[in-house]
Structure formats: C-alpha cells, structure tokens
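A.B. asks: structure here, sequence nowhere to be found:
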C-alpha cells in the first residue's frame with residue numbers, strides 16, 4: 001500500500017472536498033461531495049455525538065445514496081451548515097427524485113469549538129452560509145490544518161485541525177480519510193513532540209520523528225494536564241472513503257474498523273464527552289474480486305489513513321492571534 005498522488009481523500013476518484021472558515025469566529029465547515037450520488041454509512045463511538053440525518057445511513061433504511069457529507073464546528077449551531085449545502089446542491093439540480101421534486105440528502109456531524117476564544121456573539125447563525133461556501137469551494141485540492149471544520153479545533157495540549165491521507169491497495173482500490181480532529185485526548189506523547197500515530201507514518205508526512213523512545217504504560221496521563229481546565233464536549237469527526245463497490249452494510253463495517261485509527265492516534269479516545277464518529281463512503285467504481293479479503297483490507301487501510309490524517313491535522317495547524325493553545329510546529333521548530 002502506498003499513498004495516492006495527493007495523499008488526500010480526493011485521491012478516491014470522483015470525490016471533492018470544500019472548506020470555508022471564519023478566523024474571527026474561529027470555526028468553519030468542511031464538505032465532502034462527489035460528481036454523482038454515493039453510498040455511505042456511519043458508526044458512532046463517542047458518548048456525546050451531534051448529528052443530522054445519520055439514521056438514513058443505517059443499512060435497513062431506504063435511502064440508497066447521498067449527495068454530500070458535512071463536518072462542521074459550532075456544536076448544535078453547526079448542524080445548520082447542512083442546510084447551506086442542501087441549498088447549494090438544490091441550486092445545482094442535485095438530489096433524490098420525488099415526483100417532480102429533488103431533495104438533496106446531506107448527513108452531517110459537528111464538533112464543539114464554542115470555547116476556543118472566537119467571537120461567538122452572532123445575530124444570525126453563520127453556519128448555513130459557511131456550508132454553502134464550503135460546497136461551492138469543493139475541489140480535488142484543499143487545505144489542511146487550520147482550515148474548514150478544523151479552523152477552531154483543539155486537543156488536550158495543542159491546536160487541532162483538519163487532516164487527510166490516502167492509500168492505494170495492491171488491488172488498485174483507493175482508500176482515503178478526512179478528519180476534523182478536536183479530541184479531549186492528546187495526539188502526542190508527553191512532551192508534545194512524538195505523535196501516537198508515528199508507527200503508521202509514511203515518509204515524513206507529519207515530521208518523520210518516529211515513535212517516542214521513552215513511551216510506556218503510565219506516562220500517557222501526563223498529556224491530559226489541560227483537559228480538566230478545558231472540560232467540555234470534544235469530538236473527532238471523520239470520513240473514510242473508497243472507490244470499491246460497497247453496500248451500506250459494508251460501508252458501516254468499514255466505518256467501524258476505521259475507529260481503530262482514532263484509538264491508535266488519540267489517547268484517550270471515545271470518551272463520554274467525545275462525539276467520535278466516522279462516516280464511510282463508497283463511490284462504487286472498483287469491483288472487489290475477493291470480497292471478504294478486500295473488505296477487510298479496506299477497513300484496515302481506512303484505520304491507517306485515519307490515524308495518519310489525525311496526526312497530519314495537528315502537524316499542519318498554523319498559529320493565529322489569540323490562540324489558547326500552541327501549534328505543534330511552534331513547539332518543535
């Protein structure tokens with residue numbers, strides 16, 4: 001397995017990602033869409049999720065395909081970003097056909113970034129407009145780090161961010177991950193230099209420093225020293241995607257497997273105040289020739305991509321005036 005040409009989720013052919021952020025608000029929205037509707041499902045492992053239309057993604061529900069997935073800051077206010085994306089899709093003539101009507105299907109998930117120092121005293125909810133703008137910005141290339149849904153993200157000790165990564169399997173199937181990393185836990189070992197995801201790094205995509213040589217059981221709690229000060233809802237929300245032909249049930253299985261990527265990159269993960277959630281999407285362009293084996297490898301690759309994407313999100317974060325937490329690069333220049 002090797003990374004795709006961009007090392008982004010958009011290495012999966014047909015997928016597009018758009019970002020929109022507001023530096024004063026310290027928040028933003030990220031949208032994943034495609035040139036045609038695609039199959040998707042979801043799995044939630046955090047204790048405090050915030051979602052829209054995720055029930056539609058259960059294997060027994062009637063909706064077969066969707067038009068976009070939304071990752072947003074703003075807590076409950078950010079769920080309205082989906083409405084902005086819905087409006088953009090409707091204007092583009094996209095959506096599920098119901099008689100003469102077309103109804104875009106846009107599930108989404110949010111993270112909590114309301115206490116990060118940004119100006120939250122709005123009169124009109126800004127997230128519908130951010131969602132519409134993110135949809136309009138959708139392309140194969142997009143920014144990571146302090147961008148989109150990761151604009152105001154934080155971790156236990158560092159700025160969080162938006163990350164992405166990809167892998168191409170020996171079969172030719174492509175797998176990618178996109179994540180807004182805003183966890184209660186830490187992505188680095190004590191000292192904030194080495195990433196927990198280091199064993200899965202390819203090349204120097206997040207610094208090339210390797211695993212912490214001093215790591216060991218009992219040291220991990222050291223990086224939670226700020227968690228009590230910042231006690232609130234936290235979330236790592238992600239999308240993994242592939243061009244393999246998957247059913248909704250198979251997408252759900254990939255989403256479940258991909259959660260291992262969060263557990264390997266964030267310590268601790270899946271807590272009671274985390275809203276940890278993974279969507280899984282399939283564009284259905286590549287047949288699986290050995291379905292059982294291929295599905296297992298896709299889930300494995302999705303977890304690897306997600307771990308790497310989380311580390312890349314923090315590695316790519318950039319400083320802004322008034323930040324409450326430092327960037328990884330500020331501490332490791």
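C.D. replies: All right, it came through fine. Quantities reported herein were computed from a predicted structural model and do not represent experimental measurements.

A.B. asks: from now on I want contacts and neighbour counts done on CA atoms only, so please keep to that.
C.D. replies: Noted.

A.B. asks: which residue ranges form the helices in this structure?
C.D. replies: Ranges of helices in the chain, per DSSP state H, are 81-91, 127-136, 248-265, 291-315, 328-331.

A.B. asks: show me the contacts for the nearest residue in space to residue 254 that is not next to it in sequence.
C.D. replies: Excluding its sequence neighbours, the residue lying closest to residue 254 (C-alpha to C-alpha, 6 or more residues apart in numbering) is residue 299, at 4.6 Å. Listed by C-alpha atoms under 8 Å, 6 or more residues apart in numbering, the contact partners of residue 299 are 253-255, 257-258.

A.B. asks: excluding sequence neighbours, find me the nearest residue to residue 63.
C.D. replies: residue 56 (6.2 Å).

A.B. asks: before we move on, what about residue 180?
C.D. replies: In space, residue 180 is closest to residue 162, 4.6 Å off (C-alpha to C-alpha, 6+ apart).

A.B. asks: for the one you found, give me the pLDDT.
C.D. replies: Residue 162 carries a pLDDT value of 98.

A.B. asks: isn't it right up against residue 147?
C.D. replies: Yes - Residue 162 is within contact range of residue 147, at 6.2 Å (criterion: C-alpha atoms under 8 Å).

A.B. asks: the more surrounded of the two?
C.D. replies: For residue 162 versus residue 147, the count of surrounding residues by other C-alpha atoms under 10 Å is larger for residue 162: 34 against 30.

A.B. asks: and which of the contacts of residue 299 is nearest residue 41?
C.D. replies: residue 255 (7.3 Å; C-alpha to C-alpha).

A.B. asks: what about the closest one, distance to residue 261?
C.D. replies: As judged by C-alpha to C-alpha, to the nearest Å, residue 255 and residue 261 stand 10 Å apart.

A.B. asks: mind checking which of these two has more residues around it?
C.D. replies: Under the neighbour definition other C-alpha under 10 Å, residue 255 and residue 261 were set side by side, and residue 255 has more, 28 against 25.

A.B. asks: hey, what's residue 237 bridged with?
C.D. replies: For residue 237, the beta-bridge partners are residue 180, residue 277 (DSSP bridges).

A.B. asks: quick one on the thing from earlier: would you mind putting the contacts of residue 299 into CSV with distance to residue 171 alongside?
C.D. replies: Shown next, in CSV, are the contacts of residue 299 (distance: C-alpha to C-alpha, whole Å):
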residue, distance to residue 171
253, 19
254, 17
255, 20
257, 19
258, 19
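
A.B. asks: show me which of these are buried.
C.D. replies: By neighbour count, with 16 or more other C-alpha atoms under 10 Å, the contacts of residue 299 hold 253-255, 257-258 as buried.

A.B. asks: any idea how far residue 95 lies from residue 26?
C.D. replies: From residue 95 to residue 26 the distance is 31 Å (C-alpha to C-alpha).

A.B. asks: one more: residue 159?
C.D. replies: Distance from residue 159 to residue 26, by C-alpha to C-alpha: 12 Å.

A.B. asks: quick check: neighbours shared by the two?
C.D. replies: Common neighbours of residue 159 and residue 26 (C-alpha under 8 Å, 6+ apart) are residue 152.

A.B. asks: distance from the chain centre to stretch 242-253, please.
C.D. replies: 18 Å (C-alpha atoms, centre = their mean, to the nearest Å).

A.B. asks: and for it, what's in contact with it?
C.D. replies: 12-13, 39-43, 57-59, 64, 173-176, 279-288, 295, 298-299.

A.B. asks: where does the protein have low pLDDT?
C.D. replies: Applying pLDDT under 70 to the chain flags the ranges 215-233.

A.B. asks: can you give me the strands for it?
C.D. replies: Remark: strands assigned in the chain by DSSP state E are 15-22, 27-44, 51-52, 66-72, 96-98, 101-103, 108-110, 161-168, 174-182, 235-244, 277-286.

A.B. asks: for the shortest one, packing partners?
C.D. replies: Yep, that's strand 51-52 we're talking about. strand 108-110 (3 or more C-alpha pairs under 8 Å, 6 or more residues apart in numbering; DSSP states H and E).

A.B. asks: picking up where we left off before, ok, residue 95 and residue 26, which is more surrounded?
C.D. replies: residue 26 (27 against 22).

A.B. asks: could you measure from the more buried one over to residue 237?
C.D. replies: Residue 26 is 17 Å from residue 237, by C-alpha to C-alpha.

A.B. asks: on that earlier part again, just the buried members of the contacts of stretch 242-253?
C.D. replies: By 16+ other C-alpha under 10 Å, the contacts of stretch 242-253 give 12, 39-43, 57-59, 64, 173-176, 279-283, 286, 288, 295, 298-299 as buried.
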